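**Q** From the sequence below, what's the structure:
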Amino acid sequence: MSGPYVIRGSVSLPEAELMWRFSRSSGPGGQHVNTSDSQVELRFDLAKTEALPPVWKERALAKLAGRLVDGVVSVRSSEHRSQWPNRETAAVRLASLLAEATAPPPRARRATRIPRGINERRLREKKQRGDMKRGRSGRDWT
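**A** The predicted model follows:
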C-alpha cells in the first residue's frame, strides 16, 4: 500500500481491519489473465471498527445501510490488469465512500419571504407585457 488512506481529518483506514480477497478478473490481459488473481475485493467491518468516532460510525451505518452485509462494507476493483493498481483503487474508493458517508448533514435551509416590492414589480411587468402583446393584434384596425 502507498500509505494510510485518510477518510477525513486525522482519521484514516486502519490496515489491520482491512480484509483483502483476490480473484480472477474479466477483461483485458491476454494469456496472463488466466493465471493471475488481479480482481480485488476490499472489505471493512464498519459495525465493529473502533477507528471511527461513534458519531461518524452511526452516520455511516445509517447512510450505507443498503450496502452493508452484516455490518461489512465491500468495494471491488478490476479496472487494471495487475493486482497492485487494483488494490490502490479499491482502498481509495473505500476511503472516499466512508468520507462521504461520515460527512455531517447539510444545514437546513432557512425559509425566507419574497419582498413585497419584488412581487408587485413582477406583476406590473407581467401586466405591461400582456398589454404590449394585446396591442400587436389587429382586432381594432378597420
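**Q** got the residue ranges for the helices in this protein?
**A** 54-63, 83-102, 116-136 (DSSP state H).
**Q** Return the set of buried residues in the shortest one.
**A** Judged by neighbour count (16 or more other C-beta atoms under 10 Å), helix 54-63 contains these buried residues: 56-57, 59-61, 63. The C-beta positions use only the backbone N, C-alpha and C, and glycine is treated the same way.
**Q** Just send those back as a markdown table, with distance to residue 7 and pLDDT too.
**A** Shown next, in a markdown table, are the buried residues of helix 54-63 (distance: C-beta to C-beta, whole Å; pLDDT from 0 to 100):
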| residue | distance to residue 7 | pLDDT |
| --- | --- | --- |
| 56 | 8 | 87 |
| 57 | 11 | 87 |
| 59 | 12 | 87 |
| 60 | 9 | 87 |
| 61 | 15 | 88 |
| 63 | 14 | 88 |
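**Q** Those into CSV, with extra columns for distance to residue 8?
**A** Below are these laid out as CSV (distance: C-beta to C-beta, whole Å):
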residue, distance to residue 8
56, 8
57, 13
59, 11
60, 11
61, 16
63, 14
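**Q** Mind telling me which residue is nearest the centre of the chain?
**A** The centroid of the chain falls nearest to residue 100 when counting by C-alpha atoms, centre = their mean (5.8 Å).
**Q** what's the pLDDT at that residue?
**A** The model reports residue 100 with a pLDDT of 89.
**Q** next one: residue 33
**A** Value for residue 33, per-residue pLDDT: 59.
**Q** Equivalent analysis for residue 125, please.
**A** 97.
**Q** Near it, how many other residues are there?
**A** Other residues near residue 125 number 10, with proximity taken as other C-beta atoms under 10 Å.
**Q** Just list the residues touching it, thanks.
**A** Counting by C-beta atoms under 8 Å, 6 or more residues apart in numbering, residue 125 touches no other residue.
**Q** ok, now how distant is it from residue 119?
**A** 11 Å (C-beta to C-beta, to the nearest Å).
**Q** Also residue 89?
**A** Taken as C-beta to C-beta, the span from residue 89 to residue 119 is 53 Å.
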